[in-house]
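Peer 1: Fold the stuff below for me.
(chains A, B and C)
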Amino acid sequence: MSKNSPGNYFEDFRIGQVIRHATPRTVTSGDVSLYTGLFGPRFAVQSSDAFAKAIGYPRAPIDDLLVFHIVFGKTVPDVSLNAVANLGYAGCYFRAPVYPGDTLTALSEVIGLKENSSHKTGIVYVRTTGYRDDTPVLEYVRWVMVRKRDEAAPAPGDHVPRLPTVVEPKVLGEACPALDIQDYDFALAGSPHRFGNYAVGEKIDHVDGITVEEAEAQIATRLYQNTARIHFNQYIEGKGRFGRRLIYGGHVISLARSLSFNGLANAFHVAAINGGRHVAPFFAGGTVFAWSEVLAKSELPGRDDVGALRLRTVATRDRSCEDFPLKTGEDYDPAVLLDLDYWVLMPR
Amino acid sequence: MSKNSPGNYFEDFRIGQVIRHATPRTVTSGDVSLYTGLFGPRFAVQSSDAFAKAIGYPRAPIDDLLVFHIVFGKTVPDVSLNAVANLGYAGCYFRAPVYPGDTLTALSEVIGLKENSSHKTGIVYVRTTGYRDDTPVLEYVRWVMVRKRDEAAPAPGDHVPRLPTVVEPKVLGEACPALDIQDYDFALAGSPHRFGNYAVGEKIDHVDGITVEEAEAQIATRLYQNTARIHFNQYIEGKGRFGRRLIYGGHVISLARSLSFNGLANAFHVAAINGGRHVAPFFAGGTVFAWSEVLAKSELPGRDDVGALRLRTVATRDRSCEDFPLKTGEDYDPAVLLDLDYWVLMPR
Amino acid sequence: MSKNSPGNYFEDFRIGQVIRHATPRTVTSGDVSLYTGLFGPRFAVQSSDAFAKAIGYPRAPIDDLLVFHIVFGKTVPDVSLNAVANLGYAGCYFRAPVYPGDTLTALSEVIGLKENSSHKTGIVYVRTTGYRDDTPVLEYVRWVMVRKRDEAAPAPGDHVPRLPTVVEPKVLGEACPALDIQDYDFALAGSPHRFGNYAVGEKIDHVDGITVEEAEAQIATRLYQNTARIHFNQYIEGKGRFGRRLIYGGHVISLARSLSFNGLANAFHVAAINGGRHVAPFFAGGTVFAWSEVLAKSELPGRDDVGALRLRTVATRDRSCEDFPLKTGEDYDPAVLLDLDYWVLMPR
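Peer 2: Below you'll find the model as predicted:
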């Protein structure tokens, strides 16, 4: 028996299968610094212990997307090492704040399997939960197209789960403690605009652009212990489909989130991701811009400290966003990289 | 009203205006590690808790220049987002040590305004103070040339402040606690040379050179949450004046400081910056060398533990410094990048 | 007397000479994060405080190779600044675990000197010990070929020490506390394979490859405060033997170790390095692959928690390792970069 792991192929999965992922990971202030250096986020709650404490957190929580990337990274060796494409996310929401010193683990349940008609690949649906000890901190469904090892192998199952198109507002506050919003310093946070100032349909250009270097993308992706080969191996990828390493899709999400500070400075917490599409592959040397639209607004049941904005944030490559590029006819504008639908919390 | 911020233009400033800057920032040992990885400083006091404690610090303090860069970074969105050029510094001195866990904020007062004769730009003078809670940790004056939004707008003021050409020795010890210099281990610190061994007029070649990569410069500048566009956006800068991203001037200062260890190993504290000039723009791929001259020496009133050296440190690009390059006739040698005038403290 | 240090030349060394190296260095969780971002290690013991505590560590220890690189880095300014080549290691073993907050120092004794027949260079043998306070944490012998300042200078000594070819099993547990192996969670650690599952002669392909960028190599090497010029100065190296910066050999060791997780996930502790050869120089842009062979197995005297595997790990450049490349006739395969002989500990 070989000691190395080739990863799972489509026929290796079973409906109901539960996978405990390696490697447990203690998140530290060192991770926060490196994440800051890689993406430049400026949201006050995550940046300052003093600011976070003033409004009721025990200290600055870990950036939500850093938690997402670490939990996601753990699933790669078991779920998507032999993936052809990462197809989608649904029902992603944060369930408890994470602080430096907390140790994260991840567990996935296979909730759907659907072989493709070619018999070469199949779609695997997993519900992944990230934990701090026994407390769930994050949950999401992800589906990926995975190669079969043997085309002749029978399909291991045939079930497509029903997935929510939007996360319900009632769970959006789970990872946000009750806050003393009268002590939220809007000047220090960088903007006077609060929940009430945003209107459904409003569009915001986030103005700036950030160019991505190979070293940055590799450092980030290794920080999450994400082992997807396509991000790291120029020798192999140089002979492959793109001729180069592909940037992890989550890298673009984090850049778009950081850019969104310019216009959404008080959107301090990503509460949920309803869905997202990596519209085009992204490579080092490209410059990421972003814009956002307010899709909906929601109060949180029983809470008057924060409200939720449902945002669409669109990231582009080498194209500024003052005219909010999205579609050209039926298709996405060729500059669009990411179309993300998510909920953020903002002081009321 | 647009939610994003375009930054301030010349006519938006007023004499006496006070700006509280976003974003508060807790400095951590993670920042120290990343700063070490980016610049390679080797000064024992900042590198070792044990060394720092032995001489009277509660623990290793944060590198002075890291404090400077973080405070400076906060001012960019309000002061220099529409700047054409960063013209100078004066009266910069450190007022209290900063330790991991401290949260930094920054506040600027507009102390001068002078429209240029073209009516297209004007010079803005700000005095910026960095704080840890209510304690000032750093103070400096900076002036920048800022674009006008509307050339026809009246000048918002007309006053050029008087600025010191050198920081007075009496304040140089403010960020340095009284030290037990008998417990300062010169071998461990890397050099036997103390305050008394340096002579005014002495020149020191710092020998080594460090090449800068784009990823390094971007990671550093984002670590400071500095949002100046010219450092990050190749898509825009590729079409601009230089055809490429400009390296943040502070990056060259930090490299020169790290290189200066070879010859100034016991200059453990940058106490003040009298002034500095970024003589030429710097780009990734270049290699930075440095040399220093002792301009003056000063005792500190009432203290016999440390003394101050006033240094000129000159950084060059792609040119070694064994012959101390500076001027060619009236002009700077074309290899010179930085001409920095500052005070360091050294054990007596 | 010049204040800068030119480093030692061959004739500056004496048998029995003891060198206390600058700079003391407190290792922190920030260093761990950056090391993770640079190499992507996934060993559970070093990644998770909770995992480490469950089996008897007070918290997650610092990665052994990070300790090695930091101690090694301190010796460079005194031992190898004028080195032509780093020739070998022997008798390297870890003597105590290191945790975040510990301050490392290093001390070297010159144990051998041998002038080369050209009279231009000589070989210097040093035994280096890394300390946490007064506790040795690491010890190794290293020999380097160092230039003479003056070819006419007499040889400073003539003695070649006898060096062990393998570290004795009795010392391999020194840096590993007694562990509660019943609480070692193999699923969480990423593999069911324990000491008993590995056979002498077994070869393992570690499958993946990682491409190295200049920025990554520079950041890593500065993190260790390693000042070897050849790694940092493109202006000088561009005119030199290779036309480019050389990657620090330890960078390849750390990459090979991280890659080895795929097949050796429970080899959680590098206990000793018997010897190693940097077979070929390595440069940015290359992709590192690795494979390992089990050379021997050993129980540890008096311990039934862990056993030791003696491994040969071979790293290659731009060549996958499914066929275990090593020699072509007498010579190394031209793709081989590293041939490392070391001991790891694994749960029994």
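Peer 1: CA atoms for contacts and neighbours, from now on please.
Peer 2: Fine.
Peer 1: Kindly give the local confidence score, pLDDT, for residue A:1.
Peer 2: For residue A:1, the model assigns a pLDDT of 65.
Peer 1: Likewise for the one 10 residues further on?
Peer 2: We have a pLDDT of 97 for residue A:11.
Peer 1: Please name the nearest non-neighbouring residue to it.
Peer 2: Leaving aside its chain neighbours, residue A:11 sits nearest to residue A:156 (5.3 Å; criterion: C-alpha to C-alpha, 6 or more residues apart in numbering or on different chains).
Peer 1: What segments of the stretch 1-150 of chain A are strands?
Peer 2: A:18-26, A:83-94, A:103-115, A:121-132, A:135-147 (DSSP state E, counting those that start in this stretch).
Peer 1: strands paired with the last one, and their directions?
Peer 2: Okay, so that is strand A:135-147. strand A:83-94 (antiparallel), strand A:121-132 (antiparallel) (DSSP bridges).
Peer 1: average pLDDT for the helix or strand just after it?
Peer 2: Following strand A:135-147 in sequence order, the next helix or strand is helix A:186-189 (DSSP states H and E). The average of the pLDDT scores along helix A:186-189 is 98.
Peer 1: could you say what helices and strands whichever helix or strand comes after helix A:186-189 packs with?
Peer 2: The first helix or strand that comes after helix A:186-189 along the chain, using DSSP H and E, is strand A:203-205. The contact analysis (3 or more C-alpha pairs under 8 Å, 6 or more residues apart in numbering or on different chains; DSSP states H and E) places strand A:203-205 against strand A:287-300.
Peer 1: any residue of the strand it packs on up close to chain B?
Peer 2: Yes - counting by C-alpha under 8 Å from any C-alpha of the partner chain, chain B has neighbours in strand A:287-300: residue A:287.
Peer 1: related to what we said a few turns ago, what about the residue nearest to residue A:11, how many neighbours?
Peer 2: 16 (other C-alpha atoms under 10 Å in any protein chain shown).
Peer 1: so it makes contact with residue A:17?
Peer 2: No - under the contact definition of C-alpha atoms under 8 Å, residue A:156 does not touch residue A:17, with a separation of 11.3 Å.
Peer 1: Throw the strands of the stretch 1-150 of chain A into JSON lines and include mean pLDDT and mean neighbour count, thanks.
Peer 2: Formatted as JSON lines, the strands of the stretch 1-150 of chain A follow (pLDDT from 0 to 100; neighbours: other C-alpha atoms under 10 Å in any protein chain shown):
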{"stretch": "strand A:18-26", "mean pLDDT": "98", "mean neighbour count": "23"}
{"stretch": "strand A:83-94", "mean pLDDT": "94", "mean neighbour count": "20"}
{"stretch": "strand A:103-115", "mean pLDDT": "98", "mean neighbour count": "22"}
{"stretch": "strand A:121-132", "mean pLDDT": "98", "mean neighbour count": "25"}
{"stretch": "strand A:135-147", "mean pLDDT": "97", "mean neighbour count": "22"}
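Peer 1: Leaving out sequence neighbours, find the closest residue to the one residue in the stretch 101-250 of chain A that gets nearest to chain C.
Peer 2: The nearest approach of the stretch 101-250 of chain A to chain C comes at residue A:223, 4.1 Å away (C-alpha to the nearest C-alpha). Once flanking residues are discounted, residue A:223 sits nearest to residue C:37: 4.1 Å by C-alpha to C-alpha, 6+ apart.
Peer 1: Settle this for me: that neighbour is touching residue A:227, isn't it.
Peer 2: No - between residue C:37 and residue A:227 no contact is recorded; they are 12.0 Å apart, counting by C-alpha under 8 Å.
Peer 1: Those two: which has the busier surroundings?
Peer 2: Per other C-alpha under 10 Å, whichever of residue C:37 and residue A:227 has more neighbours is residue C:37, with 25 against 21.
Peer 1: Tell me who's in contact with that one.
Peer 2: Shown in contact with residue C:37 (C-alpha atoms under 8 Å, 6 or more residues apart in numbering or on different chains): A:218, A:219, A:220, A:221, A:222, A:223, A:224.
Peer 1: Identify, from the residues you listed, the entry nearest to residue C:335.
Peer 2: Here the nearest of those to residue C:335, counting by C-alpha to C-alpha, is residue A:218; it sits at 23.2 Å.
Peer 1: can I get the contacts of residue C:37 in a markdown table with secondary structure and pLDDT?
Peer 2: What follows is the contacts of residue C:37, written out as a markdown table (DSSP: H, G, I helix; E, B strand; the rest coil; pLDDT from 0 to 100):
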| residue | secondary structure | pLDDT |
| --- | --- | --- |
| A:218 | helix | 98 |
| A:219 | helix | 98 |
| A:220 | helix | 98 |
| A:221 | helix | 98 |
| A:222 | helix | 98 |
| A:223 | helix | 98 |
| A:224 | coil | 98 |
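Peer 1: buried subset of those residues?
Peer 2: Buried by 16 or more other C-alpha atoms under 10 Å in any protein chain shown: A:218, A:219, A:220, A:221, A:222, A:223, A:224, out of those.
Peer 1: What pLDDT is listed against the residue nearest to the last one when sequence neighbours are not counted?
Peer 2: Nearest-residue entry for residue A:224: residue A:70, 4.5 Å, with adjacent residues in sequence omitted and distances by C-alpha to C-alpha, 6+ apart. According to the model's per-residue confidence, residue A:70 sits at a pLDDT of 98.
Peer 1: does residue A:70 really touch residue A:221, like I thought?
Peer 2: No - contact between residue A:70 and residue A:221 fails when scored by C-alpha under 8 Å: they sit 9.0 Å apart.
Peer 1: what's near enough to touch residue A:217?
Peer 2: Residue A:217 makes contact with A:231, A:247, A:248, A:251, A:284, according to C-alpha under 8 Å, 6+ apart.
Peer 1: For residue A:260, the count of nearby residues, please.
Peer 2: Residue A:260, neighbours per other C-alpha under 10 Å, totals 26.
Peer 1: and the spatially closest residue to it that is not a sequence neighbour, what are its phi and psi?
Peer 2: In this structure, residue A:260 finds its nearest non-sequential neighbour in residue A:206, 5.4 Å apart by C-alpha to C-alpha, 6+ apart. When read as degrees, to the nearest 10, the backbone of residue A:206 gives phi -90, psi 10.
Peer 1: if I look at residue A:206, how far off is residue C:33?
Peer 2: 30 Å (C-alpha to C-alpha, to the nearest Å).
Peer 1: now swap in residue A:337 and tell me
Peer 2: 29 Å.
Peer 1: Which one's more surrounded, those two?
Peer 2: residue C:33 (28 against 25).
Peer 1: give me every residue that touches that one.
Peer 2: A:28, A:30, A:31, A:34, A:223, B:30.
Peer 1: Repeat that for residue A:125.
Peer 2: By C-alpha under 8 Å, 6+ apart, the contact set of residue A:125 is A:110, A:111, A:112, A:113, A:141, A:142, A:143, A:144, A:160, A:161.
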